[in-house]
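**Student:** Just need the structure, nothing else, for what follows:
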Amino acid sequence: MDYPFSEEHRIFRKAVRRFVEEELNPHVDEWEAAGIFPKDVYRRMGELGFLGIRYDEQYGGAGADIWSTVVFCEELGRCRSRGLTMSVLVHTDMSSPYLYKYGSEALKQKFLPAMIRGEKVGAIALTEPGGGSDLAAMRTTAKKKGAYYILNGSKTFITNALNADLFFVACKTDPSAGHRGVSMLLVEKGTPGLSIQKLPKKLGMHASDTGELFFENCPVPAENLIGEENKGFYYIMQGLQNERFVSAVAFTSSAQQALEDAIRYAQERELFGKKLSEFQITRHKLAKLQTKLEAARQLLYQAARVIEAGEDATTIVSMCKAFCADVACEVADECLQIHGGYGYIEEYDIARFYRDIRLWKIGAGTTEVMYEIIAKRMGI
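**Tutor:** I've put the predicted structure just below:
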């Protein structure tokens, strides 16, 4: 396979695709209806070596490269439950990296191997009911008292809220210092004063368990501080780059799958004595969508090269997040239109994809925030 993918990547891709097709997709309807999927899925993925791709072998990871993560995200993105895809990525690439990059060695030894084995599930708790994308305005506080931080506040739209064992919680340890007073604590499920409430049914991403967290005088051991006190905002800004990148890779792949579904449908559906795919307007529409998806994919691959080189990827990742989300939503709309009335019923996956993909103009920073970041980097 051509660069950037090696034969090793090809073998890994085949393994992930087989897992998705044989062990995930057959159960998607059941898990979507339940609004959650079994935690055993994480344990199985741990057995297969999927949960610690770029982590050191001493913790049970594979020590692989960014392209292995790209392969994993592309293939996991082909799961027919995009909610499951999102939940797994929250564990692998949106929460555990804070522990791996900034946690103390003692904290890593205590929790990271279990996360890589899928025995402990992670969640990231940033968003608050009144905050949205404005993380500096968070109101959740943690006051140091002896050997503990006393945590108070709430978080919302938390993916893995019900399945998670470990919550990476952003909070203010110096409320008067704005974003310079933000820290991150690792909070275990079962901590006194922590309560979890499931959110009402969402538009899409149904198999992703989503909820609210409430902290009432929660005692969190001081050794559960991630990195340095009051440096959490800077960790989050770096972490969000990875979060946006992996989500863009996965859901661009999901959009490719939706387009492939639409092509098959157009080649089978007859209208006015012809296959739908024989109409020029249909062929051109499909060709334009494939062109945009290829542009999105190449933008993502360029971002991976920047990440691989250790360079600042903020601008290009922001471009990926904004552009790929727009393309995926366009694919959803146009492919549903190609399906006609059948696209509006749950029998065809395009209906679920249409609902699921809309989140990615919002999650991990809205499209508007992405363009604001890009504009500032342009000196505007």
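**Student:** alpha carbons only for contacts and neighbour counts from here, please
**Tutor:** Noted.
**Student:** Give the residue spans of this protein that score low on pLDDT.
**Tutor:** For the chain, the stretches with pLDDT under 70 are 1-3, 131-133.
**Student:** remind me, longest helix of it?
**Tutor:** What stands out as the longest helix in the chain, according to DSSP state H, is helix 232-268.
**Student:** how far out from the middle of the chain is that one?
**Tutor:** 9 Å (C-alpha atoms, centre = their mean, to the nearest Å).
**Student:** Which positions in that helix come out as buried?
**Tutor:** 232-233, 235-236, 239-259, 261-263, 265-266 (16 or more other C-alpha atoms under 10 Å).
**Student:** tell me the contacts of Gly239?
**Tutor:** Residues counted as contacts of Gly239 (C-alpha atoms under 8 Å, 6 or more residues apart in numbering) are Met94, Pro97, Tyr98.
**Student:** Select from the residues you listed every entry located in helices.
**Tutor:** Checking those against DSSP H, those in helices are Pro97, Tyr98.
**Student:** Of the contacts of Gly239, which is the most crowded?
**Tutor:** Met94 (26 neighbours; other C-alpha atoms under 10 Å).
**Student:** What's the local residue count around Asp29?
**Tutor:** 14.
**Student:** What residues of the strand or helix carrying it count as buried?
**Tutor:** Here Asp29 sits within helix 28-34, counting by DSSP states H and E. Using 16+ other C-alpha under 10 Å as the test for burial, helix 28-34 gives Val28, Trp31, Glu32.
**Student:** contact partners of it?
**Tutor:** So helix 28-34 is contacted by Phe37, Arg80, Ser81, Met205, His206, Ala207 (C-alpha under 8 Å, 6+ apart).
**Student:** how about those, which pair is most distant?
**Tutor:** Phe37 and Arg80 (12.9 Å; C-alpha to C-alpha).
**Student:** And the strands in this protein?
**Tutor:** Secondary structure of the chain (DSSP state E): strands located at 122-125, 141-145, 148-159, 166-172, 182-188, 194-198, 210-221, 270-271, 274-275.
**Student:** And stretch 189-203, what's buried?
**Tutor:** Applying 16+ other C-alpha under 10 Å to stretch 189-203 flags Lys189, Leu194, Ile196 as buried.
**Student:** Please work out how many residues are found near Ala332.
**Tutor:** Ala332, neighbours per other C-alpha under 10 Å, totals 26.
**Student:** list the contacts for the closest residue to it other than its chain neighbours?
**Tutor:** Once flanking residues are discounted, Ala332 sits nearest to Tyr354: 5.0 Å by C-alpha to C-alpha, 6 or more residues apart in numbering. Contacts here follow C-alpha under 8 Å, 6+ apart; on that basis Tyr354 touches Cys329, Ala332, Asp333, Leu336.
**Student:** can you list the domains in this structure?
**Tutor:** Following automatic domain parsing, one finds the domains of the chain at 7-121, 123-231, 233-377.
**Student:** And stretch 10-26, how far out from the chain middle?
**Tutor:** 19 Å.
**Student:** ok, and what's touching it?
**Tutor:** Met1, Ser68, Val71, Phe72, Glu75, Leu76, Arg78, Cys79, Arg80, Ser81.
**Student:** Filter those residues down to just the ones in helices.
**Tutor:** Ser68, Val71, Phe72, Glu75, Leu76.
**Student:** wait, what's in contact with the first one?
**Tutor:** Ser68 makes contacts with His9, Phe12, Ile53, as judged by C-alpha under 8 Å, 6+ apart.
**Student:** Adding neighbour count and distance to Met370, write these out as TSV.
**Tutor:** Output for the contacts of Ser68, formatted as TSV (neighbours: other C-alpha atoms under 10 Å; distance: C-alpha to C-alpha, whole Å):
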residue	neighbour count	distance to Met370
His9	20	30
Phe12	17	32
Ile53	21	27
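**Student:** Out of those residues, the closest to Ala287 would be?
**Tutor:** When these are compared for distance to Ala287 (C-alpha to C-alpha), His9 comes out closest, at 28.0 Å.
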